[in-house]
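> structure of the sequence below:
(chains A and B)
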Amino acid sequence: MKIENKITEAVMAIVEELYGQPVPEKMVQLQQTRPEFEGQITLVVFPFTKMSHKAPEQTAAEIGQQLVQKLPEVVAKFNAVKGFLNLCICSQQWVALLEEIHQNPRFGFTPVTEDSPLVMIEYSSPNTNKPLHLGHVRNNLLGWALAQVMEANGNRVVKTNIVNDRGIHICKSMLAWLKWGNGETPESSGKKGDHLIGDYYVAFDKHYREEVKALTEQLVLSGLPAEEAEERAKQEAPLIKEAHAMLVKWEQNDPEVRALWRKMNEWVYAGFDETYRALGVSFDKIYYESETYLEGKEKVEEGLQKGFFYRRDDGSVWADLTGEGLDEKLLLRSDGTSVYMTQDIGTAKLRFQDFPIDKMIYVVGNEQNYHFQVLSILLDKLGFKWGKDLVHFSYGMVELPNGKMKSREGTVVDADDLIATMVADARQMSADKVNRLEGITEEEAQEIARIVGLGALKYFILKVDARKNMLFNPAESIDFNGNTGPFIQYTYARIRSILRKWEKEQGARGKEQGARSEDCSTLADREISLIQKLQSFEATVKQAGQDYNPSCIANYCYDLASEYNRFYHDFSVLREEDEQKRTFRIALSETVGQVIKNGMGLLGIEVPERM
RNA sequence: GGUCUGGUAGCUCAGUCGGAUUAGAGCAACAGCCUUCUAAGCUGUGGGUCAUGGGUUCGAGUCCCAUCCGGAUCACCA
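Here you go, the predicted model:
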């Protein structure tokens, strides 16, 4: 039984006994004692003053006395400051707690069973016409971390990706490749497939803009107002018309267009796979829009028959959501083709056929908040049981110091470049610390650099609250000091180093057990607060699962590492002469390392054995 | 304009269920600490009207209302 629970139970009994009123459990508020006061756990007594009809301080004192009497093995002594009752907990309790955590390598995790709820998480969702950029990186990292967190909270998780592999943007790349590509392939050019295709997408855009510009001038000369001229030029430029023609051919299953489309998409997928592998993310099931985009129509027809939707005179189908405080939403165009919303309904249908989903989480940027509000209502109306409380895990945009990322203006941070830069910087960083690299092969050093560089990137992104927009300053982000991933990794590596030395020592004189509860009556404040910190990992994981918020785990890892660093500087663990204390502190260190590893693991961040 | 969302130190960010006379980290600046288990570290100094005004109460950065500023969204685009 946890220390908190014992105290809560006792307080409930005591208050009822003293003041004659039953107390709901929620009223018993326990918190960590502020460092400037003596004690470790504090009871907030304000809520009880109404029952006691006494001053807060006196009420606190009365409860404190009873606690010491009734729980002598837990509460050693107390002091009351205003309405706060600070309790000094017996060291044995802390030692026992540490031992419990130490014994449980999965501390804080809820086991997953056959009957656990099935949660599907959709993330990444790239377009196949250009490589992944920083915005996708945030999406992928959040999606992956969220999946880990949900699993840690006892859910079965299916990670899924919907690939937007069809549409006008793909045709643009295809067209440009046909026109100017001379048969270039990833092999012949040495480029990653997604970058190759992205280059043609850019080429298309460049030529297209030139055409638009020339055509606009022409139209202006013939007497059209400038704005109107540009509008028309955009629609009538030969290139865009060709692209549209290609899209029509694609939809008609033209063998040549389809073959080219398939070939180029394969190149892109190979490129994406490489980036995904570098980021350490993966999927259990991938859906392609080309396979799902027609499915939604059927569901919309069904909704139409049931009277949820209505058809206008021009044949288009709409949902009237004014009753829900929203607008009317188009579901099928007048020509019968589907729109974005229809496709999402179709994808939902397929997913539900494939999996008995209990909860669906979409990791998609906050610019689509409205879309998912509507989708939730529509899916609910159409009878998807998870539709009503689907979760749109909505994250903010990544901004750059000079504004937003815009592919046209070349202010995009490419994912592959970014990863390579971070790893190279980490390599440079550790090369500066020559003594560390002793006895390490070049290969091992490279692997450490990969772990540290990626750790820096991942932590930098995951530590900020997902729903907020965040600023990515390329110069400052490559910082390995302070509140960063490498700081936490460093703490871990140092703990491992201590343990390696200790194990060597133990090997010489025979194995010995870790934490001992006897004779540790005088724990230092630092040790106790470390144990308290360790204990709160459980609550943090739970909270992250409830709020769908990986960032609190990131901040927890930093807090824990900081706390350990102070401990590390206060005590010489290996040189401690008192045998009891030393084994205790070794066990404490080992447990901190274990929790750091688990916490970082939830974020998809690896920790190195040495660095 | 409607809806949603954010505003905390020069900069980037934390801040749990509303809790403690003094609101925390990191970066940047300044000052200390490597004969001691990994200095990617530790300790200290300076830096704040928690956007503004009201309200709720024993108590508000946190909850409510209004205002100001920023962002997103409101397509027969995806």
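> which other helices and strands does the host helix or strand of A:I528 contact?
Using DSSP states H and E, A:I528 sits within helix A:525-547. Helix A:525-547 is packed against helix A:91-103, helix A:134-152, helix A:551-570, helix A:579-602, with contacts defined by 3 or more Cβ pairs under 8 Å, 6 or more residues apart in numbering; DSSP states H and E. For glycine as for every other residue, the C-beta is placed from the backbone atoms N, C-alpha and C.
> what about stretch A:445-464 and RNA strand B, touching?
Yes - using Cβ under 7 Å from any atom of the strand, stretch A:445-464 reaches RNA strand B at A:I448, A:V452, A:K463, A:V464.
> next, count neighbours for A:A152.
Neighbourhood size, A:A152 [other Cβ atoms under 10 Å]: 24.
> same question, A:V15
Neighbour tally, A:V15, other Cβ under 10 Å: 24.
> next: A:V257.
19.
> near RNA strand B, which residues of the stretch 251-400 of chain A show up?
A:289, A:312, A:314, A:316, A:325, A:327, A:330, A:333-335, A:339-340, A:343, A:366-371, A:397.
> need the buried ones from those selected in ChimeraX.
The buried residues among these can be selected in ChimeraX (16 or more other Cβ atoms under 10 Å) with this line:
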select /A:289,316,339,343,366,371
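> among the residues of the stretch 251-400 of chain A next to RNA strand B, which lie within helices?
If you go by DSSP state H, these have A:E289, A:Y340, A:Q343, A:N369, A:Y370, A:H371 in helices.
> need the residues you listed in a markdown table with pLDDT, can you?
Below are those laid out as a markdown table (pLDDT from 0 to 100):
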| residue | pLDDT |
| --- | --- |
| A:E289 | 91 |
| A:Y340 | 88 |
| A:Q343 | 90 |
| A:N369 | 91 |
| A:Y370 | 91 |
| A:H371 | 93 |
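> now the two most distant members of these.
A:E289 and A:N369 (21.1 Å; Cβ to Cβ).
> the longest helix in chain A is where?
helix A:193-221.
> check whether that helix contacts RNA strand B.
No - judged by Cβ under 7 Å from any atom of the strand, helix A:193-221 and RNA strand B are separated, with a smallest distance of 14.0 Å.
> distance from that helix to the middle of the chain?
Relative to the chain's own centre, helix A:193-221 is displaced by 37 Å; criterion: Cα atoms, centre = their mean, to the nearest Å.
> ok, then the element right after it?
Going down the chain from helix A:193-221, the next helix or strand is helix A:226-236, by DSSP H and E.
> could you pull out the buried residues of the helix or strand that that next one is followed by?
Once helix A:226-236 ends, the next helix or strand along the chain (criterion: DSSP H and E) is helix A:238-251. If you call a residue buried by 16+ other Cβ under 10 Å, then helix A:238-251 has these buried ones: A:L239, A:I240, A:E242, A:A243, A:M246, A:L247, A:K249, A:W250.
> any idea how far A:P186 is from the fifth one?
Relative to A:P186, A:M246 is positioned 22 Å away (Cβ to Cβ, to the nearest Å).
> what does the first one give?
Summarising the geometry, the distance separating A:L239 from A:P186, computed by Cβ to Cβ, is 24 Å.
> tell me the domain ranges of chain A?
A:3-89, A:165-283 (automatic domain parsing).
> next, give me the two most distant ones among the residues of stretch A:445-464 next to RNA strand B.
Every pair of these checked by Cβ to Cβ; the farthest is A:I448 and A:V464, at 25.6 Å.
> between the two, which has more neighbouring residues?
Using other Cβ under 10 Å, the more surrounded residue of A:I448 and A:V464 is A:I448, with 22 against 18.
> just say helix, strand or coil for that one.
Following DSSP: H, G, I helix; E, B strand; the rest coil, A:I448 is assigned to helix.
> give me the pLDDT value at the closest residue to RNA strand B within chain A.
RNA strand B sits closest to A:G482 of chain A, with a gap of 2.1 Å, by Cβ to the nearest atom of the strand. Note on A:G482: pLDDT of 91.
> please report how far it lies from A:F472.
Applying Cβ to Cβ, the value for A:G482 to A:F472 is 17 Å.
> one more: A:L43?
44 Å.
> and those two? Which one has more around it.
Taking other Cβ under 10 Å, A:L43 and A:F472 do not tie; A:L43 has more neighbours (26 against 19).
> I figured that one hits A:T8, correct?
No - counting by Cβ atoms under 8 Å, A:L43 does not reach A:T8; the two are 9.1 Å apart.
> common neighbours of the two, please.
Common neighbours of A:L43 and A:T8, using Cβ atoms under 8 Å, 6 or more residues apart in numbering, are A:V28, A:L30.
> now the helices for the stretch 1-150 of chain A?
For the stretch 1-150 of chain A, the helices defined by DSSP state H, counting those that start in this stretch occupy A:3-19, A:46-52, A:56-70, A:91-103, A:134-152.
> wait, the stretch 301-450 of chain A
With DSSP H, counting those that start in this stretch as the criterion, the stretch 301-450 of chain A has helices spanning A:340-354, A:369-381, A:415-431, A:442-462.
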